[in-house]
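Chemist: just need the structure, nothing else, for what follows:
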Amino acid sequence: MRIGVVTFPGSLDDGDAARAVRIAGGEAVRLWHGDADIHGVDAVVLPGGFSYGDALRCGAIARFAPVMETIIDAARGGLPVLGICNGFQILCEAHLLPGALTRNQHLHFRNRDQHLRIGATNTAWTNTFTEGEEILIPVKNGEGCFVADTHTLDELEAEGRVVARYTRGNPNGSQRDIAAITNAAGNVVGIMPHPEHAVEALTGPSLDGLGFFTSALRHLAGVAGGQLTGGATR
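Modeler: As a prediction, the model looks like this:
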């Protein structure tokens with residue numbers, strides 16, 4: 001399965017994301033922000049970093065990159081898309097996910113290993129996890145505070161679209177400890193911590209991040225075999 005990894009000006013973790021795809025067993029395809037062609041990939045990762053220098057606000061310019069116009073249309077048609085950190089911000093700016101990521105409440109950049117509790121496991125990116133499973137992956141952000149109006153927060157809760165919550169301390173003040181969410185179809189996931197930095201024993205605090213990438217491959221294999229629909233496992 002071919003998973004595209006986008007590089008924007010200012011991307012920092014595109015190489016790490018591509019490596020995570022390869023470790024999981026997929027083929028990483030590098031995509032350029034200025035190229036609208038996504039070359040027939042089966043899924044896309046929007047990596048962490050500071051796209052376009054975070055000018056205006058995080059993800060605001062990247063949302064209008066030529067590659068994003070294609071990805072937005074494809075995501076609405078069911079293409080699995082994972083946005084990590086800055087990628088999560090881009091997904092919110094593109095209105096593929098609700099809410100926004102704002103300045104950390106304590107106004108400091110936070111970089112540490114972070115415990116998360118998995119909620120939704122019926123997405124294209126989390127189907128190898130179990131509900132309630134606790135994982136440990138790095139977090140590193142200055143504008144990672146997830147905010148939304150009460151109606152949106154209640155809707156995410158009621159529809160089971162909170163993919164992960166912070167545990168053992170909230171690093172940025174995100175409302176309801178939300179670390180990751182999904183769209184209603186389950187193919188688009190945004191996560192503020194970095195699963196791509198927890199895929200190897202040598203460099204990561206765990207191997208827990210690998211599940212996001214193996215989940216995508218499992219999802220795609222199921223779609224190819226007619227076993228999965230709408231991002232949910234059966």
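
Chemist: let's test this: mean pLDDT of the longest helix along the chain, rounded?
Modeler: Ranked by residue count under DSSP state H, the longest helix found in the chain is helix 210-224. Averaged over helix 210-224, pLDDT sits at 95.

Chemist: for that helix, packing partners?
Modeler: In terms of contacts (3 or more CB pairs under 8 Å, 6 or more residues apart in numbering; DSSP states H and E), helix 210-224 is packed against helix 14-24. To be clear about C-beta, it is placed using only N, CA and C from the backbone, and glycine gets the same treatment.

Chemist: after the helix it packs on, which helix or strand is next?
Modeler: Downstream of helix 14-24, the first helix or strand assigned by DSSP states H and E is strand 27-32.

Chemist: tell me the angle of that following strand relative to helix 210-224?
Modeler: Orientation check (axes from the mean of the first three to the mean of the last three CA atoms, to 10 degrees): strand 27-32 against helix 210-224 gives 100 degrees.

Chemist: partner strands of strand 27-32 and their direction?
Modeler: Looking at strand 27-32 with DSSP bridges, its partner strands are strand 2-7 (parallel).

Chemist: which residues does the strand it pairs with contact?
Modeler: 14, 17-18, 21, 26-33, 38-47, 67, 71, 87, 213, 216 (CB atoms under 8 Å, 6 or more residues apart in numbering).

Chemist: change it to 6 Å
Modeler: Strand 2-7 has contacts (CB atoms under 6 Å, 6 or more residues apart in numbering) with 14, 17-18, 21, 26-32, 38, 41-46, 67.

Chemist: chain neighbours aside, what residue packs nearest to residue 23?
Modeler: Once flanking residues are discounted, residue 23 sits nearest to residue 199: 5.1 Å by CB to CB, 6 or more residues apart in numbering.

Chemist: report the secondary structure state of that neighbour.
Modeler: The three-state label given to residue 199 by DSSP: H, G, I helix; E, B strand; the rest coil is coil.
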